[in-house]
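**Student:** sequence-free structure coming up:
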């Protein structure tokens, strides 16, 4: 695992950590999901995201990377990004949080390589979502 | 040569195309996206794959999901929702089809509310628009909360005052209650495109237009300029997905690309205009407020919105059912905010970490309300051209500047929503305000209707002040935010009326003939 992947794991697990009901984001491969989307925006985007998190971490504790921070400090970095006055930074913060939520609470963890839903994502059991429905059995056929 | 070319086959354009073709004109409708003619195959009922703006089926971009979305810029409004494809934003709307508040039309528009009513009735009959026969658990709670705080039941389609009512939805009686209105309706199974329960224009007006035999829908054709000479429109130039540039000539051009693309196309065509073009954008700056009860609210069950409460002068609010992803995105991803001591919510803004997981674990015990603000139109909220191009010319830049009065109305509605939630049985300690940034779930203005060319772009018949034979039939002509209600039905009523004006002004129909058409 390289530094960039470690940083992405750390940030998705800041949004959806192991503590609390249900699995962590990284156990749903949320970091892989974020990296996949970021790579579509450009080959360097994933490294830039990690670099931005590290730069923000250095403002919390000099010389530290994001992964060096304690969980509460990491939360503070994510909150700082989402609430940044610079709209571009805020957009990056919202994107990181939204993509993590998409990986955990959307269908991503249940898809096969062809994009078909083949299993229930673990979070759906935790939140009690029955999954895609065709509706009432007596009305679902034309 | 067709009689009319319509640019955009969404909520308004498909209506104009049908009305004109049904009246006997030859129509070509250009659509930037595709037409999903097999809804059971195209609409997966999966939240991310359908709805995400990067490669989702309903994104604003080319049909090939491997290609990037079409770019745009924004300032003050970080989330721009646009959908390519026949049906446009009605592909993912929930079907909510309320009328405008009469108080927002009379005196502010060049028409009266009474002028609109026959056109509302025609659209409501054709789609059809119906009040639901069944409501969900969340609606029972919402009604209890409304009545507890003095918001009475006020049935009917003309909104005369504060009250709750059943939601008028463009959803047929064949709805299966699958709960996926927002991500594309494919139900009932085997119904075929024309008979799906939700009556987006992909499944209603567009097939009806095609069935006349006089309307050709050309998909993956992106209009890049309006052709004109001698002070009148004469056609449209467009780019096919493969890059070929083509033109279609017509006696009348109808623009229906929406509040962003319609002014962009005008500006990219180098057409003359007064000061109002692109201005007076309103978006109903939404917000979300939620709270937890002790019972199962079944937030995924049934039509997604079945009731609503109206507050003329402020906007409206409604309980909404969502899958867990959209529930999380709309409620918990906004900027962190500090609560004031007198705020009726216990928390607001961003929720992450263990707190997020606890709230998501309570998904089935949460009652969530959506708030839509009657935002005040202002010329500084506008669409202009950015300094960069894509394949279709300079891209649009959307600027939103909410007024202080808009903020006041929005805060008032959120407070009222919190009050209703507590009265419905929600634990006050769980009330959470999203404090969402502005977005374009609803969008109006930028080409608005009026008599004064200094403050409007089209006249009371939808025809441009500056160019004869050029009409607009989308939500951009709405003079204001219509009081807060969802804008699609009003857009469709106006498109119906505009089609009649086109017949009368350019094709010799009498007013009574065009009204019958």
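**Tutor:** That came through fine. Treat the numbers as computed from the prediction; the structure is a model and nothing was measured. Numbering: from 1, shown residues only, chains lettered A, B, ... in the order given.
**Student:** please enumerate the helices of the chain.
**Tutor:** Went with chain A since none was named. Counting by DSSP state H, one finds helices in chain A at the ranges A:3-15, A:30-41, A:45-60, A:71-82, A:87-105, A:122-127.
**Student:** that's the wrong chain, I wanted chain B
**Tutor:** Taking DSSP H as the test, the helices found in chain B are B:13-22, B:39-42, B:47-51, B:102-105, B:113-126, B:137-148, B:205-211, B:258-268, B:324-332, B:354-361, B:404-423, B:488-506, B:511-516.
**Student:** residue B:180: which of those is closest?
**Tutor:** Taking Cβ to Cβ, helix B:47-51 is the member of the helices of chain B nearest to residue B:180, at 8.5 Å. Every C-beta, even on glycine, is put in place using the N, C-alpha and C of the backbone.
**Student:** any idea how far that closest one is from the chain center?
**Tutor:** Centre-to-centre, helix B:47-51 and its host chain are 18 Å apart (Cα atoms, centre = their mean, to the nearest Å).
**Student:** list the buried residues for it?
**Tutor:** Along helix B:47-51, these residues count as buried under the neighbour rule (16 or more other Cβ atoms under 10 Å in any protein chain shown): B:47, B:48, B:49, B:50, B:51.
**Student:** now stretch B:334-342
**Tutor:** Within stretch B:334-342, the residues scored as buried using 16+ other Cβ under 10 Å are B:334, B:335, B:336, B:337.
**Student:** and stretch B:58-78, by the same measure?
**Tutor:** For stretch B:58-78, the buried set under the neighbour-count rule, 16+ other Cβ under 10 Å, comprises B:58, B:59, B:60, B:61, B:62, B:65, B:69, B:70, B:72, B:74, B:77, B:78.
**Student:** so which of these are in strands?
**Tutor:** residue B:74 (DSSP state E).
**Student:** between which two of the buried residues of stretch B:58-78 is the distance greatest?
**Tutor:** Taking Cβ to Cβ as the measure, the buried residues of stretch B:58-78 reach their widest spread between B:65 and B:77, a distance of 24.9 Å.
**Student:** just name the most buried of the helices of chain B.
**Tutor:** Highest mean neighbour count of those: helix B:13-22, a mean of 30 (counted as mean count of other Cβ atoms under 10 Å in any protein chain shown).
**Student:** check which helices and strands it sits against.
**Tutor:** Packed against helix B:13-22, as judged by 3 or more Cβ pairs under 8 Å, 6 or more residues apart in numbering or on different chains; DSSP states H and E, are the following elements: strand B:4-7, strand B:27-30, helix B:205-211, strand B:215-218, strand B:252-255, helix B:488-506.
**Student:** given the first one, what are its sheet partners and their directions?
**Tutor:** With DSSP bridges as the test, strand B:4-7 is paired with strand B:27-30 (parallel), strand B:252-255 (parallel).
**Student:** got a list of contacts for it?
**Tutor:** Contact partners of strand B:4-7, identified using Cβ atoms under 8 Å, 6 or more residues apart in numbering or on different chains, comprise B:13, B:16-17, B:20, B:25-30, B:223, B:235-236, B:248, B:250-257, B:262, B:265, B:473, B:502.
**Student:** per-residue confidence averaged over that strand?
**Tutor:** For strand B:4-7, the per-residue pLDDT values average out at 98.
**Student:** which parts of it are buried?
**Tutor:** Residues B:4, B:5, B:6, B:7 are the ones in strand B:4-7 that count as buried (16+ other Cβ under 10 Å).
**Student:** give me the below-cutoff pLDDT ranges for chain A.
**Tutor:** Within chain A, the ranges that satisfy pLDDT under 70 run A:1.
**Student:** what sits closest to the closest residue to chain B within it if chain neighbours are left out?
**Tutor:** Closest approach between chain A and chain B, counting by Cβ to the nearest Cβ: residue A:135, at 2.7 Å. The shortest distance from residue A:135 to any residue that is not its chain neighbour, by Cβ to Cβ, 6 or more residues apart in numbering or on different chains, is 2.7 Å, and that residue is residue B:176.
**Student:** check the one you found and give its pLDDT.
**Tutor:** pLDDT, the model's per-residue confidence, is 95 for residue B:176.
**Student:** give me the nearest residue to the spatially most central residue of chain B, chain neighbours excluded.
**Tutor:** Within chain B, one residue has its C-alpha closest to the average C-alpha position: by Cα atoms, centre = their mean, that is residue B:442, at 4.6 Å. Nearest in space to residue B:442, with sequence neighbours left out and distances taken as Cβ to Cβ, 6+ apart, is residue B:284 at 4.2 Å.
**Student:** so that neighbour sits right up against residue B:483, yeah?
**Tutor:** No - if you go by Cβ atoms under 8 Å, residue B:284 and residue B:483 don't touch, sitting 9.7 Å apart.
**Student:** would you mind listing the residues touching both of those two?
**Tutor:** Jointly contacting residue B:284 and residue B:483 under the rule Cβ under 8 Å, 6+ apart are B:315, B:374.
**Student:** contacting residues for residue B:192?
**Tutor:** Neighbouring residues of residue B:192 by Cβ under 8 Å, 6+ apart: residue A:142.
**Student:** kindly report the same for residue A:69.
**Tutor:** Neighbouring residues of residue A:69 by Cβ under 8 Å, 6+ apart: A:57, A:60, A:61, A:77.
**Student:** who's residue B:226 bridged to?
**Tutor:** Going by DSSP bridges, residue B:226 is paired in beta bridges with residue B:236.
**Student:** so it sits right up against residue B:247, yeah?
**Tutor:** No - counting by Cβ under 8 Å, no contact exists between residue B:226 and residue B:247, whose distance comes to 10.8 Å.
**Student:** tell me which of these two has more neighbours.
**Tutor:** With neighbours defined as other Cβ atoms under 10 Å in any protein chain shown, residue B:226 and residue B:247 compare such that residue B:226 has more, 23 against 12.
**Student:** measure residue B:41 to residue B:183 for me?
**Tutor:** Applying Cβ to Cβ, to the nearest Å, one obtains 14 Å for the distance of residue B:41 from residue B:183.
**Student:** chain neighbours aside, what residue packs nearest to residue A:133?
**Tutor:** Of all residues beyond its chain neighbours, the one nearest residue A:133 is residue B:178 (4.8 Å), with distances taken as Cβ to Cβ, 6+ apart.
**Student:** got phi/psi on the one you found?
**Tutor:** Dihedral angles of residue B:178 (phi, psi; degrees, to the nearest 10) stand at phi -70, psi -20.
**Student:** count the neighbours of it for me.
**Tutor:** Using other Cβ under 10 Å, residue B:178 has 24 neighbouring residues.
**Student:** would you confirm that it contacts residue A:134?
**Tutor:** Yes - proximity of residue B:178 to residue A:134 meets the contact threshold set by Cβ under 8 Å, at 5.5 Å.
**Student:** now do the shared contacts for these two.
**Tutor:** Each of A:140, B:187 lies in contact with both residue B:178 and residue A:134 under the rule Cβ under 8 Å, 6+ apart.
**Student:** which residue would be the closest one in chain B to chain A?
**Tutor:** residue B:176 (2.7 Å).
**Student:** quick one: that residue and residue A:137, what's the gap?
**Tutor:** Distance check for residue B:176 against residue A:137: by Cβ to Cβ, it reads 9 Å.
**Student:** need the phi and psi values for the residue nearest to residue A:135.
**Tutor:** Taking degrees, to the nearest 10, you get phi -90, psi 0 for the backbone angles of residue B:176.
**Student:** can you get me a residue count around it?
**Tutor:** Per other Cβ under 10 Å, the neighbour tally for residue B:176 reads 25.
**Student:** dump the residue contacts of it.
**Tutor:** By Cβ under 8 Å, 6+ apart, residue B:176 lies in contact with A:134, A:135, A:136, A:139, A:140, B:187, B:188, B:197.
**Student:** of those residues, which is the most crowded?
**Tutor:** When neighbours are counted by other Cβ under 10 Å, residue B:187 leads those with 30 neighbours.
**Student:** spatially, what comes nearest to that one if we skip its sequence neighbours?
**Tutor:** residue B:176 (4.5 Å).
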